[in-house]
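Peer 1: Take a look and give me a structure for this.
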Amino acid sequence: DRSNFVAFKNAAIVLQSFIRGMITRNEIYFAHFAATEIQRMWRGSRQQCTYITMIFASMKMQSLARMVTQKTNFQKTLKSIRAIQRWSRNLKMLQGERETS
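Peer 2: Residues are numbered from 1 along each chain as shown. A predicted model of the protein is given here:
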């Protein structure tokens, strides 16, 4: 009778030990999975921010390049217009001097 009790007690201890170990291993697995998922999300978010920053920086550089190009073209056009106006005014002035002479 006593030996049966000891055998059942030992069997219960082994079973409880196995179950506790299984529960602990599952908790560790889920904790590891959760930590991995958090890291994945954090790294993805950081990469997305870096990518967006690079996109905005390239847009800013392209905009600056277009501005410089357009400003240069505008200055050339303005210089040409002023030269034509100067030529036109000089021509009118010469025609006016011819009429008065």
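Peer 1: shaky segments in this structure?
Peer 2: 101 (pLDDT under 70).
Peer 1: Could I get the full set of helices for it?
Peer 2: With helices called from DSSP state H, the chain shows them at 2-100.
Peer 1: what's the burial count for residue 55?
Peer 2: Residue 55 has 10 neighbouring residues, counting by other C-beta atoms under 10 Å. To be clear about C-beta, it is placed using only N, CA and C from the backbone, and glycine gets the same treatment.
Peer 1: now it: how far from residue 77?
Peer 2: Residue 55 sits 33 Å away from residue 77, going by C-beta to C-beta, to the nearest Å.
Peer 1: again, but for residue 63
Peer 2: Relative to residue 77, residue 63 is positioned 21 Å away (C-beta to C-beta).
Peer 1: Any idea which residue is closest to the centre of the chain?
Peer 2: By C-alpha atoms, centre = their mean, the mean C-alpha position of the chain lies nearest to residue 52, the distance being 2.0 Å.
Peer 1: ok, that residue to residue 63 distance?
Peer 2: Distance from residue 52 to residue 63, by C-beta to C-beta: 16 Å.
Peer 1: ok, now residue 5?
Peer 2: Going from residue 5 to residue 63 by C-beta to C-beta gives 86 Å.
Peer 1: and residue 40, how many neighbours?
Peer 2: Using other C-beta under 10 Å, residue 40 is surrounded by 10 other residues.
Peer 1: How about the contacts made by it?
Peer 2: Listed by C-beta atoms under 8 Å, 6 or more residues apart in numbering, residue 40 has no contact partners.
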